[in-house]
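from the sequence below, what's the structure:
(chains A and B)
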Amino acid sequence: MIVRNLAQKFFWGAVVGVFTVIVLSPIVEMVFISLSPMSSIDSGALMPVHWMWSNYVDAWSTVNLLAYLLHSILVSVVSTFFTVAIALALSFVLERFYFRFRSALAKMILFSQMIPGIALLLPIYLLYSTLQNATHTSIIGTFPALISVYVGISIPLATWLLIGALSGIPKELDEAAYMDGANNMTLLVKVLVPIALPGIAVAAIFSFLGSWNDLLFSSVMTDNATRTLAIGLEEYVGAGNGGGVLLWNQLMAGAVMSSIPAVLFFLAAQRLIVQGLSAGAVRQ
Amino acid sequence: MRQSSVRRVPWGFLVPGVLLVAAYALWPIIVTIYMSLENLNIFFLANWLHAPFVGVGNYVAAFEPNSPVGSVFWPTLENALVFSACAIGIGLPMGFLAASAMNRNMVGRAFFRVLFIVPYAIPVFVSGLAWRLMFMQQTGAVDRVMALLHLGNGQTFWLIGSNSMVALIIANVWSSWPFFYLFILAALQSVPGELYEAGRLDGAAAWGLLRYITLPQIAKPVLISVSLSFIYHFNNFSLPFVMFGTTPPNQANTLPLNIYLFGFSNMQFGAGAAMAVISMAIVLIPMILYIRTVRVGN
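Take a look at the predicted model:
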């Protein structure tokens, strides 16, 4: 029995050890590169020849990181705000009221959250360019255009998560609030929102990450003045491959810094994340 | 009966959301289908409503293996299927093993539990770039480590030619396996402990407990995670785009990237739209499986 326990302990300890190596080695390599001089990258040294902390400072100007970061924050925060506000109202009606086609509407929303992003990008791009030509104003490449796309495509998942959150709140609370003279707005904002906060947090995190990590829409619908981090870093690599100098060390320093908000968000809310994943957070 | 059923529906709360979903999901789908029936190329983009109507011509071209569209459609469809199958076939066992380890009492469990999520939390636009650099021929970390271990000559071209799909799969499995880990860990933790006690009293060995208690109990979340993972990976545009840019090697060009390039590099929106509709039809299968498993609307 003791031998068997020891063997089991050893086995599972080895499993954890192997997974730790798998998880950590690319991350360590990423950090090493971000701290290396270009000479040690070009020569293929496994460790930095000397530690070059200045990469973390220089990346801000070389990769234009500050502008990209500000754009990403603006786009992600604004689109998350609108997504959650609109989805909250929609899920409130879908969860708390009966009307014809209610279930059909709910199913349609679930379906629309799984439409491949590429099947949306082609027509949205075309519709925006048509609108652009018709009104003689620039639309593609502006923040409102990008943000409205993110809001539109994030609402279905957020609605779905919020329906789940609201359904856990007893209907008696609604009745009590109505008795006290509350209207729907007060009921939703003053009574339901405070209780549904964990669910709202999940919806907000997934909306935020969706915009922050998006490459598909940002690659077509941003220009130099609106480029976000995800596409900005990719653009830098493309420019380097096109003949410019590609400073991988500073790029990696920028990449490490730009993943910090997403990683922190994710880890802080890791217990809530599974809810979002099982509700079908699959869009690219 | 719910009292709220007699209350007036506040349509004002419903309208903005429904309008946006209609504008950014349903209407685009109708337009995609319409585009797919047209010979929509660069000459007609400005006037896309009146491009030459070709009916199912784009679909016929996509399915015809020797046509310019079909000769790209079939290989990229196959690549997307291989990519998705490997993500599930390798990621699911990894997630199960790691989740089983984390479901036991051990020193430092809280730390490892979080550590294992990190690859999934790192944005793909970051990890994809890192893998691109690590797979560089000779100077990249992969070739260097392989040379140290005397595996191969340390001169492998990973990002072009037939190895590029291997590189893509490795990068993808690294960043996506924690998806299964998260699902299965949550499922394992919700299996009632009494079941295992009862099993042990009945004399079941570890294998029996796994076969007759653990697996049936986590079957549903596993099914959900597999169908969601397929949808996600089959539609995955970001990782191939980050690793190979707009000129991917044929072996690593997956369907979503191919559709994107057909549209925005070749300006053949009609053919691109037809392939997008086909990929939507393929994704419908796991989508229905998912919706049935979670029993939506009840």
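
neighbours of B:Asp142, how many?
One thing to correct before we go on: residue B:142 is Val, not Asp. 21 (other C-beta atoms under 10 Å in any protein chain shown). C-beta: built from backbone N, CA, C; applies to glycine.

which residues does it contact?
B:Met134, B:Phe135, B:Thr156, B:Trp158, B:Ala167 (C-beta atoms under 8 Å, 6 or more residues apart in numbering or on different chains).

doesn't the third one belong to a helix?
No - for B:Thr156, which was evaluated using DSSP: H, G, I helix; E, B strand; the rest coil, the result is coil, with no helix membership.

looking at chain B, which helix or strand does the model trust least?
One helix or strand of chain B scores below all others by mean pLDDT, DSSP states H and E: helix B:206-209, with a mean of 85.

which residues does whatever helix or strand comes next after that helix contact?
With elements assigned by DSSP states H and E, the helix or strand that comes after helix B:206-209 is helix B:215-234. Outside helix B:215-234, the residues within contact range by C-beta under 8 Å, 6+ apart are A:114, A:116, A:277-278, A:280, A:282, A:284, B:80-81, B:83-84, B:87-88, B:91-92, B:95, B:172, B:176, B:179-180, B:183-184, B:186-188, B:190-191, B:195, B:255-256, B:279, B:282-283, B:286-287, B:289-290, B:293-294.

tell me how many other residues crowd residue 167.
Because you didn't say which chain, this covers chain A. A:Ser167 has 14 nearby residues by other C-beta under 10 Å.

switch to chain B, that's the one I care about
By other C-beta under 10 Å, neighbour count at B:Ala167 equals 25.

just the buried members of the contacts of helix B:215-234?
A:114, A:116, A:277-278, A:280, A:282, A:284, B:80-81, B:83-84, B:87-88, B:91-92, B:95, B:172, B:176, B:179-180, B:183-184, B:186-188, B:255-256, B:279, B:282-283, B:286-287, B:289-290, B:293-294 (16 or more other C-beta atoms under 10 Å in any protein chain shown).

can you tell me which of those are in helices?
Assignment to helices by DSSP state H places the following of the buried ones among the contacts of helix B:215-234 there: A:277-278, B:80-81, B:83-84, B:87-88, B:91-92, B:95, B:172, B:176, B:179-180, B:183-184, B:186-188, B:255-256, B:279, B:282-283, B:286-287, B:289-290, B:293-294.

contact partners for the residue of the stretch 101-250 of chain A found nearest chain B?
Relative to chain B, the nearest point of the stretch 101-250 of chain A is A:Gly152 (2.6 Å; C-beta to the nearest C-beta). Each residue near A:Gly152 by C-beta under 8 Å, 6+ apart is listed here: B:Leu20, B:Val21, B:Ala23, B:Tyr24, B:Ala25.

including neighbour count and secondary structure, could these go into JSON lines?
As requested, the contacts of A:Gly152 are exported to JSON lines (neighbours: other C-beta atoms under 10 Å in any protein chain shown; DSSP: H, G, I helix; E, B strand; the rest coil):
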{"residue": "B:Leu20", "neighbour count": "22", "secondary structure": "helix"}
{"residue": "B:Val21", "neighbour count": "24", "secondary structure": "helix"}
{"residue": "B:Ala23", "neighbour count": "15", "secondary structure": "helix"}
{"residue": "B:Tyr24", "neighbour count": "24", "secondary structure": "helix"}
{"residue": "B:Ala25", "neighbour count": "23", "secondary structure": "helix"}
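
return only those of the residues you listed found close to chain A.
Near chain A, judged by C-beta under 8 Å from any C-beta of the partner chain, the entries from these are B:Leu20, B:Val21, B:Ala23, B:Tyr24, B:Ala25.

how far away is the residue lying closest to the last one once chain neighbours are set aside from A:Ala106?
In space, and not counting its chain neighbours, B:Ala25 is closest to A:Ser112: 3.6 Å by C-beta to C-beta, 6 or more residues apart in numbering or on different chains. From A:Ser112 across to A:Ala106, the span is 11 Å (C-beta to C-beta, to the nearest Å).

look at those two and report which has more neighbours.
Taking neighbours as other C-beta under 10 Å, A:Ser112 and A:Ala106 compare with A:Ser112 leading, 23 against 19.

so that one touches B:Ala23, yeah?
No - contact criterion C-beta atoms under 8 Å: A:Ser112 and B:Ala23 do not qualify, at 11.0 Å.

which outside residues touch stretch B:151-158?
Contacts of stretch B:151-158 (C-beta under 8 Å, 6+ apart): B:135-138, B:140, B:142-144, B:146-147, B:163-164, B:166-167.

repeat that with 6 Å
By C-beta atoms under 6 Å, 6 or more residues apart in numbering or on different chains, the list of residues contacting stretch B:151-158 from outside reads B:Phe135, B:Gln137, B:Gln138, B:Asp143, B:Met146, B:Ala147, B:Ala167.

establish whether the helix or strand encompassing A:Ala89 and chain B are in contact.
Following DSSP H and E, the helix or strand that holds A:Ala89 is helix A:65-96. Yes - Helix A:65-96 lies within reach of chain B by C-beta under 6 Å from any C-beta of the partner chain, at A:Ile86, A:Ala89, A:Leu90, A:Phe92, A:Val93, A:Arg96.

gap between the closest residue to the fourth one other than its chain neighbours and B:Glu197?
Once flanking residues are discounted, A:Phe92 sits nearest to A:Leu188: 5.2 Å by C-beta to C-beta, 6+ apart. Distance, A:Leu188 to B:Glu197, using C-beta to C-beta: 45 Å.

neighbour count: the two, which is higher?
Neighbour totals were compared for A:Leu188 and B:Glu197, and A:Leu188 leads with 23 against 10 (other C-beta under 10 Å).
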